[in-house]
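Engineer: compute the structure for the input listed below.
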Amino acid sequence: MTSVHAATYELLRRQGITRVFGNPGSNELPFLKDFPTDFRYFLGLHEGVAMGMADGYAQATGKPALVNLHAAAGTGHGMGALANACNSHTPLIVMAGQQTRAMEGVEPYLCIPDPRELPRPLVKWSYQPSIAQDVPLAMSRALHTAALPPSGPVYLSVPYDDWAAEADPQTSALLDRQVHAVGSFDDPSLSRTLDRLNAAKNPVLVLGPEVDACRANAHAVRLAEKLRAPVWVAPSAPRCPFSNKHPYFHGLLPASIKKISAALSGHDLVLVVGAPVFRYHQYEPAAYLPEGAELIAVTSDPQEAARAPVGDAIVGNIHATLQALAENVRQSDRPSPTPQARPGPAEIGPGPLLPEAVFDVIAATAPRDAIYLNESTSTTDFLWHRLPMQEQGSYYFPAAGGLGWAMPAALGVQLAEPSRRVIAIIGDGSANYSITALWTAARYQIPVVFLIMKNGTYGALRWFAEVLKVEGAPGLDVPGIDFLSLAKGYGVEGVRAATPNTLKHALAAALGSRAPTLIEVPTRAEGF
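Structural biologist: This is a model prediction of the structure:
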């Protein structure tokens, strides 16, 4: 007989999951006992860092990742990152250690009183096996559930005494199980959608993160070019589904009802692929669509399809659907969309750099296939217009707006993409949520470039204070933080770059190194 411990590790091994991201506590030690030599453990000094690493790794590989948290408190620490994973449709297996079964009834210290309810509604499925012998089955179900569309995080609570129990002899049947989802348009749905696209006088595409996640970017380009339709990216998109250097690219949609309707004005058919309709943020009421426009949405998520306030929706496989549309839509003879004007070089003046100037230097210095993680939220529009994002998987953003995600996620993405360079662009307010990620970067020599945009304030909050006409709010400034000293304390080389020339040289040196680097860039807080 084999143990539940050995059977579970063999299941993970056979399914290609040999990296564990975590922050252990006492309940997790029995799982980590005799840690297999062919597995690798990545320690985060906070559960949010472990979650962020796993999230970035899973998004970049497109496969489930395992993160191991400590009981209820550890789950709570990771909940902000779990919200981002939920909204990104990230296939995560979040496994928490539970107290021994013998004491669960008295709810002892470090117990999860109700493990099924604790992470909801941020997970697709949450569970604690009723007996130890069901742990491998539960793990098998967790990894397949996380991966099936719409992919997303799942939660598994395991009492720590279960690992030493004998496994069910039939567990071996789980080891090589494969579960696949297939599905595209049926013929009537494809025909109806093609008829509407072919009949449209001025269609427009709105693409979302699922297009990039399922590697369907090339099909999106072909569809846009055959339709001769401009392409917008869905508001607050956590990934880049369409090259921002393509002449049909129009930008990132704003996040209000009124501004989206204005941006889409003049179009008679809006095709939304791989995104909700829509992720609104600031409240500016208006008609959901401009006058005379219809909308068709294609998503893998039935909940997103059902809750959309306007238009028709089709639930299906994004890659197969885009491929079918691109192959079968009629080539339009209408004129190509007028390209959007490209911004000129940013002004260079005395004092701190404009964010636009920082992005100009990055664009001129970074390799074509660089990967950007963005948590400088107040400069997002500048980033989208100035940094070239032409390759699949070039951009990541916290999907639920939870800060502290991008620094650890950058580590996970770099682990998944060792042949590409990852640059994490972080606001000085955001950085403090997960600054301990620097220790993990140094400990495992993960060569991420952390570029801190230091303006001494929460820029996004200052912008929102103006939108909401809020004056005199406290707590909007974060002056006096020495990121170079923090980096040194965690074992990461840091450099301050206050001019375009010093930034160019610092970034080039960081990109030429195989060690992590932090670059602190004093920047101007525009308009504040």
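
Engineer: where does the stretch 201-350 of the chain dip in pLDDT?
Structural biologist: Residues of the stretch 201-350 of the chain meeting the criterion pLDDT under 70: none.

Engineer: residues making contact with the worst-scoring helix or strand of the chain on mean pLDDT?
Structural biologist: Between all helices and strands in the chain, the lowest mean by mean pLDDT, DSSP states H and E belongs to helix 459-467, at a mean of 72. Helix 459-467 is contacted by residues 282, 376-379, 427, 429, 470-471, 473, 476, 525, 527-528 when judged by C-beta atoms under 8 Å, 6 or more residues apart in numbering. Every C-beta, even on glycine, is put in place using the N, C-alpha and C of the backbone.

Engineer: which among the residues you listed end up buried?
Structural biologist: 376-379, 427, 429, 476, 525, 528 (16 or more other C-beta atoms under 10 Å).

Engineer: quick one: which of these is nearest A416?
Structural biologist: Minimum distance to A416 across these is 22.4 Å, recorded for S376 (C-beta to C-beta).

Engineer: how near is the spatially closest residue to the closest one that is not a sequence neighbour to L289?
Structural biologist: With C-beta to C-beta, 6 or more residues apart in numbering as the criterion, S376 has its nearest non-adjacent residue at 4.2 Å, and that residue is G427. G427 is 33 Å from L289, where distance means C-beta to C-beta, to the nearest Å.

Engineer: quick check: the farthest pair among the contacts of helix 459-467?
Structural biologist: Taking C-beta to C-beta as the measure, these span a maximum distance of 24.6 Å, between S376 and E471.

Engineer: part of a strand, is Y155?
Structural biologist: Yes: read with DSSP: H, G, I helix; E, B strand; the rest coil, Y155 is one of the residues of a strand.

Engineer: run a quick neighbour tally on it.
Structural biologist: Burial of Y155, expressed as a neighbour count using other C-beta atoms under 10 Å, amounts to 27.

Engineer: what's the pLDDT at it?
Structural biologist: What the model reports as pLDDT for Y155 is 97.

Engineer: next: the one 10 residues further on.
Structural biologist: With respect to pLDDT, A165 has a value of 96.

Engineer: what of the one 4 residues further on?
Structural biologist: At P169, the pLDDT value in this model is 91.

Engineer: over to E117?
Structural biologist: We note a pLDDT of 93 for E117 in this prediction.

Engineer: can you pull the contacts of it?
Structural biologist: When the contact criterion is C-beta under 8 Å, 6+ apart, the partners of E117 are S126.

Engineer: quick check: which element contains it?
Structural biologist: E117 belongs to no helix or strand when elements are defined using DSSP states H and E.

Engineer: ok, P343 - how many residues close by?
Structural biologist: Counted by other C-beta under 10 Å, the residues lying close to P343 total 12.

Engineer: wait, it touches R386, no?
Structural biologist: Yes: here P343 reaches R386: they are 6.3 Å apart, a contact under C-beta atoms under 8 Å.

Engineer: so what sits against both of those two?
Structural biologist: In terms of C-beta under 8 Å, 6+ apart, P343 and R386 are both contacted by the residues E356.

Engineer: what about the helices in the stretch 51-200 of the chain?
Structural biologist: In the stretch 51-200 of the chain, the segments counted as helices under DSSP state H, counting those that start in this stretch are 71-77, 79-88, 135-147, 187-199.

Engineer: skipping adjacent residues, who's closest to G52 in space?
Structural biologist: P408 (3.1 Å).

Engineer: identify the residue nearest S300 in space, chain neighbours excluded?
Structural biologist: Ranked by C-beta to C-beta, 6+ apart and with sequence neighbours excluded, the top spatial neighbour of S300 is P149, at 4.1 Å.

Engineer: which ones are touching that neighbour?
Structural biologist: Shown here is P149, whose contacts under the criterion C-beta under 8 Å, 6+ apart are 181, 300-301, 317.

Engineer: now do the phi/psi pair for V422.
Structural biologist: Dihedral angles phi and psi of V422 (degrees, to the nearest 10) take the values phi -110, psi 130.

Engineer: count the neighbours of it for me.
Structural biologist: Other residues within reach of V422, judged by other C-beta under 10 Å, total 27.

Engineer: from K469, how far out is it?
Structural biologist: With distances taken as C-beta to C-beta, V422 is found 39 Å from K469.

Engineer: what is the burial count for the residue nearest to R177 when sequence neighbours are not counted?
Structural biologist: Across the structure, with C-beta to C-beta, 6+ apart as the measure, the residue nearest R177 apart from its sequence neighbours is S140 (6.5 Å). Residue crowding around S140 was assessed by other C-beta under 10 Å; the count is 20.

Engineer: quick one, grab the pLDDT at S140.
Structural biologist: The per-residue pLDDT reported for S140 equals 96.

Engineer: what's near enough to touch it?
Structural biologist: With contact set as C-beta under 8 Å, 6+ apart, S140 has these partners: 11, 174, 177.

Engineer: which parts of the stretch 1-150 of the chain are strands?
Structural biologist: Remark: strands assigned in the stretch 1-150 of the chain by DSSP state E, counting those that start in this stretch are 19-22, 40-43, 65-70, 92-98, 126-127.

Engineer: what does the first one rub up against?
Structural biologist: By C-beta under 8 Å, 6+ apart, the surrounding residues in contact with strand 19-22 are 28, 39-44, 50-51, 53-54, 57, 65-69, 412, 415.

Engineer: for the second one, same thing?
Structural biologist: By C-beta under 8 Å, 6+ apart, the surrounding residues in contact with strand 40-43 are 18-24, 32, 35, 50, 53, 411, 415, 440, 443-444.

Engineer: could you do the third one as well?
Structural biologist: Under the contact criterion C-beta under 8 Å, 6+ apart, strand 65-70 has outside partners 12, 17, 19-28, 31-32, 47, 50-51, 53-55, 57-58, 75, 77-78, 91-97, 110, 412.

Engineer: let's see it at 6 Å
Structural biologist: Surrounding strand 65-70, the residues in contact under the criterion C-beta atoms under 6 Å, 6 or more residues apart in numbering are 17, 20-22, 25, 28, 47, 50-51, 54, 57-58, 75, 78, 92-96.

Engineer: could you do the longest one as well?
Structural biologist: Outside strand 92-98, the residues within contact range by C-beta under 6 Å, 6+ apart are 27-28, 54, 58, 64-69, 71, 75, 85, 112, 142-143, 146, 153-160.

Engineer: how far off centre is that strand?
Structural biologist: Put simply, strand 92-98 sits 19 Å off its chain's centre (C-alpha atoms, centre = their mean, to the nearest Å).

Engineer: relative to helix 135-147, how tilted is that strand?
Structural biologist: Relative orientation of strand 92-98 with respect to helix 135-147: 150 degrees, computed using axes from the mean of the first three to the mean of the last three C-alpha atoms, to 10 degrees.

Engineer: neighbouring strands for strand 92-98, and are they parallel or not?
Structural biologist: strand 65-70 (parallel), strand 154-159 (parallel) (DSSP bridges).

Engineer: and that strand with helix 79-88, angle?
Structural biologist: With the same axes, to 10 degrees as the basis, strand 92-98 and helix 79-88 are set at 150 degrees to each other.

Engineer: model confidence over strand 92-98, on average?
Structural biologist: Taken as a whole, strand 92-98 has an average pLDDT of 95.
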